[in-house]
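[1] 3D model of this:
(chains A and B)
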Amino acid sequence: MINSQLPILQVMVPLLAASLCAILPFRRLTWLIALAASLAALAISLNLLVLVLNDGPISYALGDWAAPWGIEYRVDALSAFVLVLVSALGSIIMVFAPTSLAREIDADRVFLFHAMYLLNLAGLLGMAVTGDVFNLFVFLEISSLSSYVMIGLGRDRRALTAAFQYLIMGTVGATFYVIGVGMMYMMTGTLNMADLGTRLPEVAATRTVIAAMAFIVVGLGLKLAIVPLHFWLPNAYAYAPTVVSAFLAATATKVALYALLRIVFTVFGGPAMIGLPVDQILLVLAIVAMFGASAVAIYQTDAKRLLAYSSLAQIGYMVLGISFLSATGLTATIIHLFNHALMKGALFLALGCIYLRLGSVQIEKMAGLGRRMPWTMGAFVVGGLSLIGIPLTVGFISKWYLIQAALERGWWLVAALILLSSLLAVIYVWRVVEVAYFQAPSDDMLQLREAPAVMVVPVWVLAGANVYFGVNPQQTIRAAQSAAAALLGGGG
Amino acid sequence: MIIMTVSTIPPALILILGAFLLPLTVGNVRRAVLLALPVMALAVLWQVPDGPVLTFDFLGQELVPLQGSTLGRLFGTVFLIMAFAGGLFAMAQKRSTELVAGYIYAGSAVGVTQAGDLLTILVFWEGMAVASGLVIWAAGTAAAYRAAMRYMMVHLLGGVVLMVGIAGYAVETGSLAFVAMQPESVATWLILIGFLVNAGAPPLSAWLPDAYPETSYSGMAFLSAFTTKTAVYVLLVGFAGTQVLIYMGLYMIFYGLIYALQENDMRRILAYSIINQVGFMVVGIGIGTPMALNGAAALAFAHIIYKALLLMSAGSVLHMTGRRKCTDLGGLFQSMPITATLGIIGALSISAFPLTSGFVSKSMVSQAAFDAQMGAVWLLLTAASAGTVLYAGIKFPWFVFFQKDSGLRPAEPPWNMRLAMMLLAGLSIGLGIFPEPLYRLLPFAVEFVPYTVPHVLNILQLLLFSGLAFFLLLPLMKRTLTISLDTDWLYRRLGNRLGVLLLTRGGALYAGLRQFALALLGRGMALVFRYSGPKGAFARTWYTGDAIMTVTVVLAVMLALFFF
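    Below is the predicted model:
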């Protein structure tokens, strides 16, 4: 039965394809492999999602070693949701990639990029599929190491220092995480998430377990780029090749968030149960991110950096949803996790089109681009509207659920802050729109043409998804609600 | 299963989607599209039956994007008449930006009047904010650009308040249906505040006279009609009889009156006048009796028409002379007799002269105050009516078309502009003579008879004395044009020095507070820039060592918080 092997295939397909790419130094061929592997991963994850929604969580014992001794792969509504998100974004970005990469990476390195991309994909999918905290660390490192390489592949030499800084910070984060895992193992003797979930309550009051929690939250917070643990992110996104920025922004931080949810809710059973002020800390950090990062985004001159800071603010919204500690709050977080991937995917890919033609994403150089590249800029506007949270886009759905969650707790001020911070998004999106649509193009732009269809179509698929899921949010909401219920139900 | 028939097409969409045809067409085709869209939308609007027409489920709530109602039909009708007249007036604008934005704006306003739930209202509300900002912006000047930005910021902030209120309302009641409510909870208060921001209520009234006069010669006619009047509509449906609105409205009446009296820019006079007139409507809504609500609705209908007429005559003057200050104008009657006559008809209407639409609508509100035993309110309304005569009925036409001869001899505006003004002037007088069709559109049965001997006499007396006052005080008006004129006049008329003092000092206090707030804002922005600007601590690239230090501190703080 192929169905019963799906969880392991989810990881193995991209992992094996990665090694294949690494030994085949051909641009076209490795691209085909990467695309095929991404699509296969998407098919597998869709299958898994259907299976999970119909029959409940799937457990897979690796090498037939039963949990808790062996490694368990466990797919529930939340992990299936994340798997679909990651592999779908990967597939769309792979369609987009070759033309964009030809401009942004040296030709003889493209096959290496494909290998690294597939490793990264395998790592991210592995993090979502595994039910074992140490195995999660392994996949975290696989995805992190490959992303350092991908960032460093950019032609901009500043990409190297950005990648180096990310390497240091990411390693610290992963180390913190594994320290926390070690402490938990010391107290319980198990690494299986579900098993930990049942054993931890007995020893919850010990300082070791409390310290483990702190280490893990900070460690994953680094990968997630919660302000003030975000220093690596703006440069990494700004100087990496656009395809890489798009992929990382849409998936990597999302999977880190998934891991945080897993640990906090499935393993620790929700912070309320061990009486730690995790929620208050997250609340404060989230609000700082929402306003601080947006304010910085307003003053950026480089559109990629602008989007990077905007990502920090958006991560703030997701963290805010967690801090409500309610079903609605978690639903909001999970919905926004999905929606933000759609927004940032569309926006970064649009910037990829612009870079292809313009050779720069400096905002001031985009004058008059609305006329020259109408499709690209149109997608950028749709993504921007979604980022702001205009009704009929996915951004509105996210905001609506976040506000509902805040009001359920009676936090009127927080609800107002959510919307006020989205006014800051109006400003930074407007800065780009104003230059692109309302300033006259410079003379050398008269020759500029629209990006090729192979790039514009993926951008519009994502932009269209922003509208489609904004008008028909039922599927996302249902999936997010059942995922949130699984998390709060404990064990998952 | 929705069967698409004429009655299930939202009239708002005809205008909004149709607007995008305008930049694609040129010449006569564009003109035809421009004029056909409002007519088509109006025809469809009248097919919408009462009650919910379109419904669908969204976010677990039932949304009603199209719902027929008496009040909605009344406002929708006048909005579409206005869109037609505004389109006709602006037809010769070379760039289509203003027309497209104007029609999206008008369509969104119509959308609000046909909405059965709060979320739909919010969608159209934001659409209005953006589209109207673009109308201002389309004037193309630097001043207009800045005004548009300030304008949009105020309205987006209002939208934030409204959206929080709506979300809270959904949590509290589990419903999004737009029905009558009272400001009893935080949520309903926020909704009320969100609505009032668009009505031009204090303390944010200044957005209106700040932004509107910066529009192009034709843009302001669009703006005068929709934003404040949709606010009146939603207040009528949602907050009829909410007492705080009476005080709110009275403040608006006198705020608009005093500032209009001291203003020199003809279009700013009319902008303050909008706040003054909307104040009458808000008072009517606050009184809440059937007569008062009828009065507010009828006044809104009439006001949209005569105010647009006044603004079009001012716009024609601006278009033909390029000047907007009263002191630069004068004597234009000689070369622009048609514009002057039409402007005077508008002035007579706003003064509630018998045989005009103002006469048959405005006094309904004062009468309602009288009937509801609100003597003080009635007295203030009557006094303010006299004030309206002064600034809009006499001051505007006198200084622009008569007074000294400025030596300007501009020609009459083009035919399309004249035609638009004639249409509105005809409506103003037509409704004044035959008010029955308007009365039939009102939400309650009308028991009000406008043309009685005492009423006509009363109004004529008011008009005559106001006129007398104006010309007696003319030297004063010419020389200073300051607020003291208006306090003097009120003092003689009412002997109500205290109230006047409060009002003027209140203005000074307000200005002081505003300055303080602006200074604070400036300081705050400097602070934000220091930390978030390109060189700020938040934005610059950190040394890895410092970053690691931060991580350590975060871990330490978290451990400390966890342990203790």
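
[2] and B:Ile344, backbone torsions?
    Per-residue torsions, B:Ile344: phi -70, psi -40 (degrees, to the nearest 10).

[3] Contacts only, for it.
    Listed by CB atoms under 8 Å, 6 or more residues apart in numbering or on different chains, the contact set of B:Ile344 reads B:397, B:401. Where C-beta positions appear, they are placed from N, C-alpha and C, glycine not excepted.

[4] at 7 Å instead, please
    Neighbour list for B:Ile344: B:Pro397 [criterion: CB atoms under 7 Å, 6 or more residues apart in numbering or on different chains].

[5] And it, what's its pLDDT?
    B:Ile344 is assigned a pLDDT of 90 by the prediction.

[6] again, but for B:Leu485
    Note for B:Leu485: predicted pLDDT of 38.

[7] element containing the residue nearest to A:Gly370 when sequence neighbours are not counted?
    Among residues not flanking A:Gly370 along the chain, A:Tyr437 sits closest, at 3.8 Å (CB to CB, 6 or more residues apart in numbering or on different chains). Taking DSSP states H and E as the definition, A:Tyr437 sits inside helix A:412-438.

[8] what packs against that helix?
    helix A:294-298, helix A:303-323, helix A:369-372, helix A:374-388, helix A:394-408, helix B:142-173 (3 or more CB pairs under 7 Å, 6 or more residues apart in numbering or on different chains; DSSP states H and E).

[9] From chain A, how far out is the residue lying closest to B:Tyr451 once chain neighbours are set aside?
    Distances taken as CB to CB, 6+ apart put B:Pro354 closest to B:Tyr451, at 7.3 Å, once the chain neighbours are dropped. With distances taken as CB to the nearest CB, to the nearest Å, B:Pro354 is found 47 Å from chain A.

[10] count of residues packed around B:Pro354?
    18 (other CB atoms under 10 Å in any protein chain shown).

[11] Please apply the same query to the one 3 residues further on.
    By other CB under 10 Å, 31 other residues sit near B:Ser357.

[12] Thought B:Gly430 was touching it, still the case?
    No: using CB atoms under 7 Å, B:Ser357 makes no contact with B:Gly430, being 8.0 Å away.

[13] which stretches of chain B have low pLDDT?
    Across chain B, the ranges flagged by pLDDT under 70 are B:1-7, B:475-510, B:534-535, B:537-538.

[14] Domains of it: list them as residue ranges, please.
    Chain B breaks down by automatic domain parsing into domains covering B:240-495, B:496-532, B:537-564.

[15] hey, which of those domains is tucked in deepest?
    domain B:240-495 (a mean of 21; mean count of other CB atoms under 10 Å in any protein chain shown).

[16] And it, how far out from the chain middle?
    Using CA atoms, centre = their mean, to the nearest Å, the distance from the centre of domain B:240-495 to the centre of the chain it belongs to is 14 Å.

[17] Provide the secondary structure category for B:Pro202.
    Secondary structure for B:Pro202, judged by DSSP: H, G, I helix; E, B strand; the rest coil, is coil.

[18] OK, contacts around the closest residue to A:Trp375 other than its chain neighbours?
    Of all residues not flanking A:Trp375 in the chain, A:Val456 sits nearest, at 4.8 Å (CB to CB, 6+ apart). Applying CB under 7 Å, 6+ apart, we find A:Val456 in contact with A:353, A:375-376, A:450.

[19] Can you verify A:Ser59 is assigned to a helix?
    No: A:Ser59 is assigned strand when assessed by three-state DSSP, not a helix.

[20] in the sheet, who's paired with it?
    When assigned by DSSP bridges, A:Ser59 has beta-bridge partners A:Arg74.

[21] Am I right that it is in contact with A:Arg74?
    Yes: A:Ser59 is within contact range of A:Arg74, at 5.3 Å (criterion: CB under 7 Å).

[22] Tell me which of the two has more neighbours.
    A:Arg74 (23 against 15).

[23] picking that back up, what's around the residue nearest to A:Gly370, how many residues?
    If you count neighbours by other CB under 10 Å, A:Tyr437 ends up with 16.

[24] will you turn the contacts of A:Val456 into CSV that also has neighbour count?
    Compiled in CSV, the contacts of A:Val456 are given as follows (neighbours: other CB atoms under 10 Å in any protein chain shown):
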residue, neighbour count
A:Cys353, 26
A:Trp375, 18
A:Thr376, 27
A:Glu450, 15
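
[25] Going through these, which one is the model least confident about?
    Within these, pLDDT reaches its minimum at A:Glu450, with 86.

[26] Can you read off the pLDDT for the residue nearest to that one when sequence neighbours are not counted?
    In space, and not counting its chain neighbours, A:Glu450 is closest to A:Met373: 5.1 Å by CB to CB, 6+ apart. Here the pLDDT value assigned to A:Met373 is 88.

[27] A:Met373 against A:Pro452, yeah?
    No: at 11.3 Å, A:Met373 does not count as touching A:Pro452 under the criterion of CB under 7 Å.

[28] Near B:Leu17, how many other residues are there?
    Neighbours of B:Leu17 (other CB under 10 Å): 14.

[29] Distance-wise, check it relative to B:Phe56.
    Counting by CB to CB, to the nearest Å, the separation of B:Leu17 from B:Phe56 is 19 Å.

[30] got the residues of the stretch 451-564 of chain B near chain A?
    With the criterion set to CB under 7 Å from any CB of the partner chain, the stretch 451-564 of chain B comes near chain A through B:528, B:532-534, B:538-539, B:541-542, B:544, B:547-548, B:550-551, B:554-555, B:558-559, B:561-563.

[31] among those, which are in helices?
    Among these, the subset assigned to helices under DSSP state H consists of B:528, B:532, B:544, B:547-548, B:550-551, B:554-555, B:558-559, B:561-563.

[32] Return the closest of those residues with respect to B:Ala384.
    B:Ala384 has its nearest neighbour among these in B:Val528, at 42.4 Å by CB to CB.

[33] pLDDT score for the residue lying closest to the closest one once chain neighbours are set aside?
    Leaving aside its chain neighbours, B:Val528 sits nearest to A:Ala295 (5.4 Å; criterion: CB to CB, 6+ apart). Here the pLDDT value assigned to A:Ala295 is 89.

[34] Return the residues in contact with A:Ala295.
    Neighbour list for A:Ala295: A:424, B:528, B:532 [criterion: CB under 7 Å, 6+ apart].

[35] ok, 10 Å please
    Neighbouring residues of A:Ala295 by CB atoms under 10 Å, 6 or more residues apart in numbering or on different chains: A:309, A:313, A:421, A:424, A:427-428, B:525, B:528-529, B:531-533, B:536, B:538-539.
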